[in-house]
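*Asks:* task: produce atomic coordinates for the following.
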Amino acid sequence: MNEDTQNEIWVKENGLLEKLKLENPDDFKIPKKNQIDLLEHIGILGKEKNLPSGTIKLFPSDFIVEEIQEDGTIIEVTKTVDQNDKEGDTTYAELVKINQSTTDCIREISKILKIKSDQIGYAGMKDTAALTSQLISIRGSKIEEIKKIQHNSFFLKNIRKGKGVVSVGKLKGNRFSILIRTRGLVDEKKMVEKIERIKQHGLINFYGPQRFGSPRYIGHILGREIFKGDVDNLLNLVVSKESDFEYPYFTKIRRKIKNLSNLKDIESEIRHLPYTFQYPLEIINSILKDGYDKSKENFIQTRKDQINLWSKAYASYIANIILSKMEMGEIKEQEKLSLLLSKENNDFELYRSYLKNDDTMFFRKNIQESFRSLYLISNNASIPTRIQPKNINYRIEDCGVYISFELEKGAYATTFLMEIFDIFSEKDTSELNQEIFDTKEKLALESIKEIFSKFEMKKTA
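*Replies:* Purely as a prediction, here's the structure:
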């Protein structure tokens, strides 16, 4: 796996799955994936049913995320400017990526430059199945070497020297330019009514499904085991936990390997799917090579970022339930919601009953004992209960709805979109317009045509 990037691995695996789908279509129909089921699974309750159907992220160019810096500057996917180097030991660059997670890009860059991943700073995670841009900082490498970097899933632009570093949370928010593909024209009157209501009252600041790890959406389930300090069960669930939101093809494999005792037999069952079973293969191969105890330590040390995300997913799940009850009027809505993982917050009253029910009340002690070097606690003490999308612009065409808007940091675009469309239910995308569009140009923003020559726009959905 070291020879291929995650995007290359995904492309190869997706090709195999397309062939298997032709042989047995029923293995690739998700039995339980409508929007309400998914939202309730991640703690978002009481949402409206029977919304107009829409598909996001059919192609990466359908979902564009551009970081907004603290001073309001937008890191656009195409814009280049003349750079005047300043004094300093840091190199700043704008990372433009496609179908690749921020952390995977950081790992790739660190491998190319032969530096540690923590020498590369970024302000926040950006969507994987999308076209995104953000500022990063690099320490410990010459600017000349950084300018040489070439990759099929990302590129660096506006590279310059300076002081300081980019750190997590050091951003104002993100601008989104999105195409929601639909089957026919949308009822503009109803859509505008909802947008106007959102402009007036804002939105409850839910954590969206991507927080929980597509396609299984079990990040909070894995996070619960971390809160319990149960490394053994965490690894077991990573390998074999089934999900109602995953293709039956994968469910059958997980069910089969759950009943296998020989690790080599398990490895042989999943080795042809190195993208979907990335972590299970990593765990199993590590056990075969170094033994179980050492493999546990290896996973904890090498996958700190992922373990941290699973932990936050569990905290986000409980937060979603609390926010839902505020929206439904079952508990008093507060201006801000204290975060469970804040190092400044010891007030767990809103969370107490959920932690007690899950046997995770003593999570800080459990995590310290089982995940000793894990940096878990957030610098943010709270999040706003409601968010206010800004600069909303839209355009309706036969293929769907183009929409752009800005959100403050930590807010999810899907939280906005799911109020207007059913974007999470399983759909037959073959019925949709399959043309690749210049989403930003449609919204009277800077064209992304030059991006089409840099990246191959393959389907993500």
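*Asks:* from what I can see Ile300 touches Ile307, true?
*Replies:* Yes - between Ile300 and Ile307 a contact is recorded at 6.8 Å, counting by C-beta atoms under 8 Å. C-beta: built from backbone N, CA, C; applies to glycine.
*Asks:* same drill for these two, tell me which one is more crowded.
*Replies:* For Ile300 versus Ile307, neighbours defined as other C-beta atoms under 10 Å are more numerous around Ile307 (23 against 19).
*Asks:* how much space between that one and Gly43?
*Replies:* 20 Å (C-beta to C-beta, to the nearest Å).
*Asks:* and this protein, what are its domains?
*Replies:* 1-30+203-387, 51-200+424-461 (automatic domain parsing).
*Asks:* for Glu431, give its distance to Leu58.
*Replies:* Distance of Glu431 to Leu58, given as C-beta to C-beta: 11 Å.
*Asks:* got it, and Glu242?
*Replies:* From Glu242 to Leu58 the distance is 27 Å (C-beta to C-beta).
*Asks:* who's more crowded, those two?
*Replies:* Leu58 (23 against 17).
*Asks:* that one: what's it in contact with?
*Replies:* Applying C-beta atoms under 8 Å, 6 or more residues apart in numbering to Leu58 gives the contacts 179, 181, 429, 432, 434, 459-461.
*Asks:* redo that, cut-off 7 Å
*Replies:* Taking C-beta atoms under 7 Å, 6 or more residues apart in numbering as the criterion, Leu58 is in contact with 181, 429, 432, 459-461.
*Asks:* between these, which is closest to Val166?
*Replies:* Of all the contacts of Leu58, Val166 sits closest to Thr460, with 26.5 Å by C-beta to C-beta.
*Asks:* just the pLDDT at that closest one, thanks.
*Replies:* Looking at Thr460, its pLDDT stands at 71.
*Asks:* with Asp305 instead?
*Replies:* 82.
*Asks:* helices or strands next to the host helix or strand of it in the packing?
*Replies:* Under the criterion of DSSP states H and E, Asp305 resides in helix 304-327. With contacts taken as 3 or more C-beta pairs under 7 Å, 6 or more residues apart in numbering; DSSP states H and E, helix 304-327 sits against helix 219-228, strand 336-338.
*Asks:* CA atoms only for the first one, dumped as CSV, please.
*Replies:* The C-alpha coordinates for helix 219-228 follow below in CSV (Å, rounded to 0.1, in the frame of the first residue of the first chain):
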residue,chain,number,x,y,z
GLY,A,219,-17.3,6.6,14.4
HIS,A,220,-19.4,7.2,17.6
ILE,A,221,-19.6,3.5,18.3
LEU,A,222,-15.8,3.2,18.0
GLY,A,223,-15.4,6.4,20.1
ARG,A,224,-17.5,4.9,22.9
GLU,A,225,-15.0,2.1,23.2
ILE,A,226,-12.2,4.7,23.4
PHE,A,227,-14.1,6.5,26.2
LYS,A,228,-14.3,3.1,28.0
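*Asks:* ok, and what's touching that helix?
*Replies:* Contacts for helix 219-228 (C-beta under 7 Å, 6+ apart): 42, 211-213, 233-234, 237-238, 241, 307, 309-311, 313-314, 316-317, 358-360, 363, 366-367, 371.
*Asks:* list the buried ones in whichever helix or strand comes after it?
*Replies:* For helix 219-228, the following helix or strand on the C-terminal side (DSSP H and E) is helix 231-240. Residues of helix 231-240 classed as buried by neighbour count (16 or more other C-beta atoms under 10 Å): 231, 234-235, 237-240.
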